[in-house]
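>>> Quick one: sequence and predicted model below, then my questions.
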Amino acid sequence: MAAITASMVAELRGKTDAPMMECKRALTEAEGDMAKAEEILRVRLGSKAGKASSRVTAEGVVAYAAEGDVGALLEVNCETDFVTKNDSFLALANAAALLIVKNNPADLEALGACAYAQEGFGPTLEDVRKGLIGKIGENMSFRRFKRFAAGNKLASYLHGTRIGVVVEFEGDEAAAKDVAMHVAAMKPVALSSDDVPADLVARERSVAAAKAAEDAAVATAAGKPVQSAEIVAKRIEGGVQKYLKEVSLFNQPFVKNDKQSVEQMLKAAATQVKSFTLYVVGEGIEKKVDDFAAEVAAQVAAAKQAA
């Protein structure tokens, strides 16, 4: 059985906003597996356990650059928020985004090999990165990038330096810019319900089925009638369809006017969105949290054993 520390409980509570004891119970049941514990809470508490799941902990910036109809979105990570405000670090991120536009590197290694043509720095972007690490005393890395060169119009939106969105479109630029801002705020995962990744749909169906099974167990224990398999199946499918509408861009209520969907807004503006890309700094990265109390307790226990 994995030890459940106070920091693990705090991390799960931060992700889900669930009560502390529920978080501890879920972690115990999941044997310390954070992702499994989060799913257990979603089954047990419903949507209440998911409202903070988009929070991220890793530091860094998102940068965007464009020339003509070619653009690039880039995420650069560092260790602390302090460095994200450093002028040299920001210059590195912006220069790297522009190098992606100009050089079309195949991957991060090729990006690092691009010439950084600025007086006073090394000959490549990787040299500059290493030099800044030595100067600032903190690790930093290029995490991911995407280059846009399909011939579509581009609309971009940066929310500070932590969220970046690029929309490929045809039609009205103002409408496309509004969509980029909407994506930053509402964080859809696909253009339409049909485009939502199959693994996300399967996970949502599994959660809905587990929730239905738990409701049935509660009803049985209370001596209440249990819903038929047909009704349960409809409930599960209804929950999946609700999820698909919530996470698909075209079905979402438009953030500037929730009386119409994004699809309706675009139709009124005679605009077609071909794709969108959303980068959130640190998305999917877990930042190590030091549990000082647990470390002290472990040291005390070890000292007692040694004695």
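Perfect, thanks for sending it.
>>> Surely residue 278 touches residue 167?
No: contact between residue 278 and residue 167 fails when scored by Cβ atoms under 8 Å: they sit 9.7 Å apart. Backbone N, C-alpha and C define where each C-beta goes, glycine included.
>>> how does the chain divide into domains?
1-55, 59-171 (automatic domain parsing).
>>> And the helices in the stretch 151-300 of the chain, which stretches?
173-186, 198-221, 229-247, 262-268, 292-306 (DSSP state H, counting those that start in this stretch).
>>> residues in contact with residue 215?
Contact analysis of residue 215 by Cβ atoms under 8 Å, 6 or more residues apart in numbering lists nothing.
>>> which stretches of this protein have low pLDDT?
Regions of the chain meeting the criterion pLDDT under 70 cover residues 1, 14, 17, 45-57, 118-122, 286-307.
>>> Just name the most buried of the helices of the stretch 151-300 of the chain.
Neighbour counts (mean count of other Cβ atoms under 10 Å) averaged over each of the helices of the stretch 151-300 of the chain peak at helix 173-186, with a mean of 20.
>>> okay, the angle between that helix and helix 229-247?
120 degrees (axes from the mean of the first three to the mean of the last three Cα atoms, to 10 degrees).
>>> In TSV, list the domains of the chain along with mean neighbour count.
Shown next, in TSV, are these (neighbours: other Cβ atoms under 10 Å):
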stretch	mean neighbour count
domain 1-55	17
domain 59-171	17
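>>> Dump those into JSON lines; add distance to residue 255 as well.
Below are the domains of the chain laid out as JSON lines (distance: least, Cβ to Cβ, whole Å):
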{"stretch": "domain 1-55", "distance to residue 255": "15"}
{"stretch": "domain 59-171", "distance to residue 255": "12"}
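>>> what about the strands in the stretch 1-150 of the chain?
Remark: strands assigned in the stretch 1-150 of the chain by DSSP state E, counting those that start in this stretch are 59-67, 70-78, 140-148.
>>> Same list (the ones you listed) but as TSV, adding distance to residue 21.
Putting the strands of the stretch 1-150 of the chain into TSV (distance: least, Cβ to Cβ, whole Å) gives the following:
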stretch	distance to residue 21
strand 59-67	31
strand 70-78	34
strand 140-148	36
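>>> Pretty sure residue 226 sits against residue 219.
Yes: at 5.2 Å, residue 226 counts as touching residue 219 under the criterion of Cβ under 8 Å.
>>> which residue sits closest to residue 246 in space, ignoring its chain neighbours?
Nearest residue to residue 246 in three dimensions, chain neighbours excluded: residue 252, at 7.1 Å (Cβ to Cβ, 6 or more residues apart in numbering).
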